[in-house]
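>>> sequence isn't available, so here's the structure alone:
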Ligand SMILES: [Zn+2]
Ligand SMILES: [Zn+2]
């Protein structure tokens, strides 16, 4: 994919910048010309983020300049740029590079290819190409996360409510303890207000992964199944530990509780908790509790697809632990434990399992009173 560029003032300029506003053209030519080779260059949109020596310039470029599109570029075969080979319609690392360097470049290419696929699946199936393809890449990523997160939130919330409050009426939750419609609508309102901010975190983490700043790997075959499972276990322990302490500090540090976490704790009775409370947080509170997932990327080799899946699993999991139904599945910290957290404020800060609360002395088991609220 070679841009039909022209040589102006010693730098290569894309001819496809003509349709943009003045400031975008200025940003495009100025940011691009700092690092793009003079001749035989692939489209500067493609090369700047990987070739620029400054992460700040690369970051600004991603925000301001839309990603390359086949429609912008000359489809005729052209000589490969220094440092890249042309294979099909994408630039790939040359095979005669030192293995380590070629591997790193190939990994960056694979991450970008994977996230582009997600964009095509989510955005391409919901929006016309002309609406999302011209967007800057970071905005595409954010929009895809926003749509995906919103869909998962409503699907998991509605399906779970339908099952426990309608299909299994009076089985798990007595009729007079079903949360009111008003309470659920308020939870949806709080969650939807925060959703655009939540999505900034996976957008940032994808940007860091694509630029090779994390320990992510793209294919399980890169490390083998055994190493994958070991790394995944370490990742999950880190996430458990991080989320436990982040949640606990959000209670212990009074200003944090007052200004952030209290928003989630207005639902402090069983009949005010519903699956829709799962994402009803102050935006910064929700982001802080997801930060351990991103920190783990810098500490342990992580399969990128698994990381994305785990982030979105959070939306389903949080819906599940706010339905007040005690699952009784050791060592899972289900809704029975989390309902206690909402009523005592001092117990069960953990996430998927009871282990962190058990280790740090804050575990309180749900009282087995033989009530109907068990599965
Ligand atoms: Zn809490
Ligand atoms: Zn909660």
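Alright, I've got the coordinates. Just so we're clear, the structure is a prediction, and the values are computed from it rather than from any experiment. Residues are numbered from 1 along each chain as shown. Ligands and ions are numbered 1, 2, ... in the order given.

>>> which residues touch the strand or helix carrying residue 189?
Taking DSSP states H and E as the definition, one finds residue 189 inside helix 181-198. Helix 181-198 is contacted from outside by 146, 149-150, 153, 157, 161, 263, 267, 271-272, 274, 276-284, 286-287, 290, using C-beta atoms under 8 Å, 6 or more residues apart in numbering. All C-beta atoms are positioned from the backbone trio N, CA, C, and that covers glycine.

>>> let's see which of those residues end up in helices.
In this view, these that belong to helices under DSSP state H are 146, 149, 150, 153, 157, 161, 283, 284, 286, 287, 290.

>>> what would those residues look like in JSON lines with distance to residue 354 and pLDDT?
Formatted as JSON lines, the ones in helices among the contacts of helix 181-198 follow (distance: C-beta to C-beta, whole Å; pLDDT from 0 to 100):
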{"residue": "146", "distance to residue 354": "33", "pLDDT": "96"}
{"residue": "149", "distance to residue 354": "27", "pLDDT": "94"}
{"residue": "150", "distance to residue 354": "31", "pLDDT": "95"}
{"residue": "153", "distance to residue 354": "25", "pLDDT": "94"}
{"residue": "157", "distance to residue 354": "25", "pLDDT": "92"}
{"residue": "161", "distance to residue 354": "26", "pLDDT": "88"}
{"residue": "283", "distance to residue 354": "28", "pLDDT": "97"}
{"residue": "284", "distance to residue 354": "27", "pLDDT": "97"}
{"residue": "286", "distance to residue 354": "22", "pLDDT": "95"}
{"residue": "287", "distance to residue 354": "25", "pLDDT": "96"}
{"residue": "290", "distance to residue 354": "21", "pLDDT": "95"}
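
>>> with neighbour count and distance to residue 205 as added columns, please give these in JSON lines.
Rendered in JSON lines, the data for those read as follows (neighbours: other C-beta atoms under 10 Å; distance: C-beta to C-beta, whole Å):
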{"residue": "146", "neighbour count": "18", "distance to residue 205": "15"}
{"residue": "149", "neighbour count": "21", "distance to residue 205": "14"}
{"residue": "150", "neighbour count": "18", "distance to residue 205": "19"}
{"residue": "153", "neighbour count": "24", "distance to residue 205": "19"}
{"residue": "157", "neighbour count": "26", "distance to residue 205": "24"}
{"residue": "161", "neighbour count": "18", "distance to residue 205": "30"}
{"residue": "283", "neighbour count": "18", "distance to residue 205": "16"}
{"residue": "284", "neighbour count": "17", "distance to residue 205": "17"}
{"residue": "286", "neighbour count": "22", "distance to residue 205": "15"}
{"residue": "287", "neighbour count": "19", "distance to residue 205": "11"}
{"residue": "290", "neighbour count": "19", "distance to residue 205": "9"}
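
>>> need the residues you listed in JSON lines with distance to residue 364, can you?
Formatted as JSON lines, those follow (distance: C-beta to C-beta, whole Å):
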{"residue": "146", "distance to residue 364": "36"}
{"residue": "149", "distance to residue 364": "31"}
{"residue": "150", "distance to residue 364": "34"}
{"residue": "153", "distance to residue 364": "28"}
{"residue": "157", "distance to residue 364": "27"}
{"residue": "161", "distance to residue 364": "27"}
{"residue": "283", "distance to residue 364": "29"}
{"residue": "284", "distance to residue 364": "27"}
{"residue": "286", "distance to residue 364": "24"}
{"residue": "287", "distance to residue 364": "27"}
{"residue": "290", "distance to residue 364": "25"}
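
>>> which pair in those residues spans the largest distance?
Greatest spatial distance in these: 161 and 284, 27.2 Å, computed using C-beta to C-beta.

>>> still on that earlier bit, same question for the helix holding residue 189, mean pLDDT?
Mean pLDDT, helix 181-198: 94.

>>> that helix: which residues count as buried?
183, 184, 186, 187, 188, 190, 191, 194, 195, 198 (16 or more other C-beta atoms under 10 Å).

>>> tell me the helix or strand right after it.
helix 200-210.

>>> what does that next one contact?
49, 59, 62, 108, 111-112, 115, 138, 141-142, 145, 214, 216, 287, 290-291, 293-294, 297, 304, 307-308, 311.

>>> list the contacts of the following helix or strand past it.
Proceeding N to C from helix 200-210, the next assigned helix or strand is strand 216-217, under DSSP H and E. Under the criterion C-beta under 8 Å, 6+ apart, residues 107, 111, 209, 223, 297, 301, 302, 303, 304, 307 lie in contact with strand 216-217.

>>> do a quick rundown of the helices in the chain.
Counting by DSSP H, the helices of the chain are 22-33, 44-51, 55-64, 99-126, 129-132, 137-161, 181-198, 200-210, 225-252, 254-259, 283-299, 304-320, 335-344, 355-360.

>>> picking up where we left off before, only the buried subset of the contacts of strand 216-217, as a PyMOL command please.
Under the burial definition 16+ other C-beta under 10 Å, those of these that qualify are selected in PyMOL by:
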select buried, resi 107+111+209+297+301+302+303+304+307
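
>>> sorry, back to before: biggest separation within the buried residues of helix 181-198, which pair?
Among the buried residues of helix 181-198, the pair separated by the greatest distance (C-beta to C-beta) is 183 and 198, at 21.3 Å.

>>> lovely, talk soon.
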